[in-house]
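Engineer: Coordinates for the following, if possible.
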Amino acid sequence: MHAPDLGLAGQVAIVTGANSGIGRACALALGQAGATVVVNHLPRSASAAADVVTAIEHDGGRALAFPADVSHESEVQAMFADAVQRFGTVHILVNNAGMQRRAPFQEMSLEQWRQVIDVNLTGQFLCAREAVREFLRRGMQPERSCALGKIICMSSVHQLIPWAFEANYAAAKGGVMLLMQSLAQELSCHRIRVNAVAPGAIRTPINRSIWENDDAHGELLKLIPYGRIGAPEDIAEAVLWLASDLSDYVVGTTLFVDGGMSLYPSFRGNG
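Structural biologist: Okay, the predicted model is just below:
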């Protein structure tokens, strides 16, 4: 994907969970658009994160891999402090890191519940809080952007659509929606723009078993009016737009990138 000139040159972006899937696509797209990218990853994914950094640098961009578990406050604070020390500030946060721990509700352990909530919701809180602190510390840079800072929260169609056997995930994404909206309401007076992207079915490693199986793939397509599974680049392009000044009057909005999945296509033909 070759990003157009979106005015992101000279801006610094942190992308959490950027070593694979949607996060990787977002990091690459931001790098191609001229942003300096902090590629967040877990320590076990260091090699994959290094590959993302290499790809960005190969295209002439700047990037840094930083290991941090977003559910741990001290690690998030260290990541932001290092980014500010190396690059001067942070302009964009893509709150992408997430996970799933599927289980029937009556069998779901407290550990499974907490782990998903801690990463998918609390992690977004911790990263957004550090981003806001840095935006306010730095002050406006009109030569960079007409916004003080941009936060893009990665949500899901499951902030809207219930998901059986994934109660922890759906609860976290519902929380992300209201966290995003509350932050947008509170912080927009500072010219901090907070929005969300809600992917539908995306061709990522986490659901490879579905899109590589013809029968499962066919069943999934019945839920997507547009007739195809999304690619990580579809989400990255939405993130680029929300990170740019092209979307400067967009505040507190969830952009669904789902091929129409959230239209409840099972009700076509009167259900």
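
Engineer: What segments of the stretch 1-150 of the chain are strands?
Structural biologist: With DSSP state E, counting those that start in this stretch as the criterion, the stretch 1-150 of the chain has strands at 12-15, 36-41, 63-67, 92-95, 149-154.

Engineer: got the ones you listed as JSON lines, with mean pLDDT, distance to V76 and mean neighbour count columns?
Structural biologist: Placement of C-beta: from N, CA and C, glycine included. Below are the strands of the stretch 1-150 of the chain laid out as JSON lines (pLDDT from 0 to 100; distance: least, Cβ to Cβ, whole Å; neighbours: other Cβ atoms under 10 Å):
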{"stretch": "strand 12-15", "mean pLDDT": "99", "distance to V76": "10", "mean neighbour count": "30"}
{"stretch": "strand 36-41", "mean pLDDT": "98", "distance to V76": "9", "mean neighbour count": "29"}
{"stretch": "strand 63-67", "mean pLDDT": "98", "distance to V76": "10", "mean neighbour count": "21"}
{"stretch": "strand 92-95", "mean pLDDT": "99", "distance to V76": "11", "mean neighbour count": "30"}
{"stretch": "strand 149-154", "mean pLDDT": "99", "distance to V76": "14", "mean neighbour count": "26"}
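
Engineer: Reformat those as a markdown table; add distance to A216.
Structural biologist: Output for the strands of the stretch 1-150 of the chain, formatted as a markdown table (distance: least, Cβ to Cβ, whole Å):
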| stretch | distance to A216 |
| --- | --- |
| strand 12-15 | 29 |
| strand 36-41 | 29 |
| strand 63-67 | 34 |
| strand 92-95 | 29 |
| strand 149-154 | 24 |
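
Engineer: Compare those and give me the one nearest R203.
Structural biologist: strand 149-154 (15.9 Å; Cβ to Cβ).

Engineer: After the closest one, which helix or strand is next?
Structural biologist: helix 167-187 (DSSP states H and E).

Engineer: average pLDDT for the helix or strand just after that following helix?
Structural biologist: Moving toward the C-terminus from helix 167-187, the next helix or strand (DSSP H and E) is strand 192-199. Mean per-residue pLDDT for strand 192-199: 98.
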